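Visitor: Below is the sequence, then the predicted model.
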Amino acid sequence: QVQLVESGGGLVQAGGSLRLSCAASGRTFRLYAMGWFRQAPGKEREFVAAIRWSGDSTYYADSVKGRLTISGDNAKTVYLQMNSLKPEDTAVYYCSAAMGYFEGPLSRTQSYDYWGQGTQVTVSS
């Protein structure tokens, strides 16, 4: 089992910044990739960004490119630096972990085995 604990959410004005963190613990030796998704009220969970630990490759949704940056630390902790935030970025942000090697897209929720409980990000206009 792998446990994921997110932190760093909060309320910020439009144009501001926040940094989310997610720490993985437990049986992490097969961790292959970690990602961030978000879900706004009444909407489906959507992909935000992901990092593949082999080679530190990163992937982003088009809507966040240039504003949000994913990074990692010791292949167990992932960060999401969020700059130039917009009201439409308001959502619950979820950290996710994929175990074992695979070549499928990291933008799908089905690619992940574990999820955090989520952290609320609210951007006021």
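Guide: Sure, I can see it.
Visitor: alpha carbons only for contacts and neighbour counts from here, please
Guide: Noted.
Visitor: In the chain, what residue spans correspond to strands?
Guide: 2-7, 10-13, 18-26, 31-39, 46-52, 57-60, 68-73, 77-82, 91-99, 114-115, 119-124 (DSSP state E).
Visitor: Using TSV, lay out the ones you listed together with mean neighbour count and mean pLDDT.
Guide: Formatted as TSV, the strands of the chain follow (neighbours: other C-alpha atoms under 10 Å; pLDDT from 0 to 100):
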stretch	mean neighbour count	mean pLDDT
strand 2-7	18	96
strand 10-13	15	98
strand 18-26	18	97
strand 31-39	24	96
strand 46-52	23	97
strand 57-60	17	95
strand 68-73	18	94
strand 77-82	21	97
strand 91-99	24	97
strand 114-115	19	98
strand 119-124	19	98
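Visitor: for those, which one sits closest to residue 108?
Guide: Of all these, strand 46-52 sits nearest to residue 108, with 7.0 Å by C-alpha to C-alpha.
Visitor: And the contacts of the closest one?
Guide: Outside strand 46-52, the residues within contact range by C-alpha atoms under 8 Å, 6 or more residues apart in numbering are 32-39, 57-61, 64, 69-72, 106-109.
Visitor: mind redoing it with 7 Å?
Guide: By C-alpha atoms under 7 Å, 6 or more residues apart in numbering, the surrounding residues in contact with strand 46-52 are 32-39, 57-61, 64, 70, 106-108.
Visitor: Now do the contacts for the most centrally placed residue in the chain.
Guide: A centroid search over the chain (C-alpha atoms, centre = their mean) returns residue 36, at 1.7 Å, as the residue closest to the centre. Going by C-alpha under 7 Å, 6+ apart, residue 36 touches 47, 48, 49, 50, 93, 94, 95, 96.
Visitor: how long is stretch 62-78 end to end?
Guide: One end of stretch 62-78 sits 20 Å from the other (C-alpha to C-alpha, to the nearest Å).
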